[in-house]
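Colleague: Return atomic coordinates for the entry below.
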Amino acid sequence: MSNRIIIKPAKNIKHHFQTAKNIIEYKDQNGNVMSTSNGELRDRYPNTLSSTRPIWSMGTHRWKISLGEDELNELVKKCKLTYERGSKQGQLIETADIFDERDPFFNHTKLRVISFEGQTSLLKDVAKDKIIFEAMKNNTIFGSRGNGLIAGNVRFIISDEQGDRQFELDQVNSEIDAIVLFEGLVHDKKLMIASALGFKASDMQDPDSLKLAMYAYLKSQHRGEDNLFNREKFMAIAKEDSETVSIKSLISKAKLASVIRFDKAKGFTYGGTIVARDEKEMLKFLSDANNKDTLEKIIDAVKEKEKS
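Modeller: Here you go, the predicted model:
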């Protein structure tokens, strides 16, 4: 069993490697021979270097890495990196805050991997490599052959033969499971789920339209900022109780009708007042019996919007 993950440059990708310090000749748009020693962005050249590290998401205000707090901090301890500045300089870093843009661990100069001519490798059982790998999976410039679809912005390919094959099997199995689950639902539940997932009204006008739209949704390889595929989102919501799905459907409809508004920085706003930071909090807010009046007002407002 291979313990190594290989990172290779995607084919025909330009302008994403940083040139080495030595002078490299190239031709400009007019065909004139030029040279550079300033590390400027150019096409792929021999002796080029690129650095990869975890990235901060301005949209979700967190480091883009799919690790639970306990697993992350266990790996942080194993990295044995030390504070580079401040009163704790020289002391071991034992925890990392995924919601702190200035976190000393995620900003550490040694928490990176250097690629030579776009190629490098990582070891699965090395703590730092494991964290870098999890960060790569949340960085859109990295893609895997396992999902059978390489987006246009992918610059590097993550190659892990055993992992790729298992990934393909998992995707096929999850697609089959999702389709079987969908077929077993009553039509009203299908409509609520589709609405909660943000389907257009035209996709839900009759059973056949809904089936076609849902099948296309489940087969899509789209992965959202939450790192979930469409079918994973469907599976999660399809297994929830009807009341929860109904409220999620209402939230989606209310957003579409501008009865409630959502801003990534502020959260959910109703009547000019911020009531929740994210969908999870909004769901909790509308499920609270103390907010029944607000729930009913939102329901009535959505109905009025749908009539007009």
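Colleague: Tell me how this protein divides into domains.
Modeller: The chain breaks down by automatic domain parsing into domains covering 1-25+32-53+112-159, 161-239, 240-308.
Colleague: Export these to a markdown table and append columns for mean neighbour count and mean pLDDT.
Modeller: For glycine as for every other residue, the C-beta is placed from the backbone atoms N, C-alpha and C. Formatted as a markdown table, the domains of the chain follow (neighbours: other CB atoms under 10 Å; pLDDT from 0 to 100):
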| stretch | mean neighbour count | mean pLDDT |
| --- | --- | --- |
| domain 1-25+32-53+112-159 | 15 | 68 |
| domain 161-239 | 15 | 85 |
| domain 240-308 | 15 | 90 |
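Colleague: Make JSON lines from the ones you listed and add distance to residue 100 to it.
Modeller: Below are those laid out as JSON lines (distance: least, CB to CB, whole Å):
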{"stretch": "domain 1-25+32-53+112-159", "distance to residue 100": "15"}
{"stretch": "domain 161-239", "distance to residue 100": "19"}
{"stretch": "domain 240-308", "distance to residue 100": "17"}
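Colleague: Which strand or helix spans residue 176?
Modeller: Following DSSP states H and E, one finds residue 176 within helix 161-183.
Colleague: let me redo that: residue 299
Modeller: Counting by DSSP H and E, the element that carries residue 299 is helix 292-307.
Colleague: Same check on residue 121?
Modeller: strand 120-123.
Colleague: That strand: what's the following helix or strand?
Modeller: Next element after strand 120-123 (DSSP H and E): helix 127-136.
Colleague: And the following helix or strand past that next one, what does it pack against?
Modeller: Proceeding N to C from helix 127-136, the next assigned helix or strand is strand 142-144, under DSSP H and E. When contacts are defined as 3 or more CB pairs under 8 Å, 6 or more residues apart in numbering; DSSP states H and E, strand 142-144 sits against strand 156-159, helix 161-183.
Colleague: Just the CA atoms of the shortest one, as CSV, please.
Modeller: This means strand 156-159. What follows is strand 156-159, C-alpha atoms only, in CSV (Å, rounded to 0.1, in the frame of the first residue of the first chain):
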residue,chain,number,x,y,z
PHE,A,156,-2.1,20.7,-9.9
ILE,A,157,-3.3,17.1,-9.9
ILE,A,158,-3.3,15.1,-6.7
SER,A,159,-2.4,11.5,-7.6
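Colleague: which helices and strands sit right next to it?
Modeller: strand 4-9, helix 127-136, strand 142-144.
Colleague: rerun that using 10 Å as the cut-off
Modeller: strand 4-9, strand 120-123, helix 127-136, strand 142-144 (3 or more CB pairs under 10 Å, 6 or more residues apart in numbering; DSSP states H and E).
Colleague: Which one of those lies nearest to residue 60?
Modeller: helix 127-136 (14.2 Å; CB to CB).
Colleague: tell me the angle of that closest one relative to strand 4-9?
Modeller: Angle, helix 127-136 to strand 4-9, by axes from the mean of the first three to the mean of the last three CA atoms, to 10 degrees: 50 degrees.
Colleague: Could you check how far the helix or strand hosting residue 114 is from the centre of its chain?
Modeller: For residue 114, the host element (DSSP H and E) is strand 113-116. Taking CA atoms, centre = their mean, to the nearest Å, one finds the center of strand 113-116 at 23 Å from the center of the full chain.
Colleague: thinking again about what came up before, ok, which of the domains of the chain comes nearest residue 97?
Modeller: Residue 97 sits nearest to domain 1-25+32-53+112-159 of all these, at 14.1 Å, using CB to CB.
Colleague: As TSV, the helices and strands packed on strand 142-144 with distance to residue 104 would be great.
Modeller: Converted to TSV, the helices and strands packed on strand 142-144 look like this (distance: least, CB to CB, whole Å):
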stretch	distance to residue 104
strand 156-159	27
helix 161-183	31
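Colleague: list the buried ones in stretch 74-85?
Modeller: Across stretch 74-85, burial judged by 16 or more other CB atoms under 10 Å covers 75-76, 79, 81.
Colleague: sorry, that was for stretch 88-106
Modeller: Those would be 93, 96-98, 103-106, for stretch 88-106 by 16+ other CB under 10 Å.
Colleague: hmm, who's touching it?
Modeller: Identification of contacts with stretch 88-106 by CB atoms under 10 Å, 6 or more residues apart in numbering yields 53-58, 60-65, 67-69, 72-77, 79-86, 107-108, 111, 131, 135.
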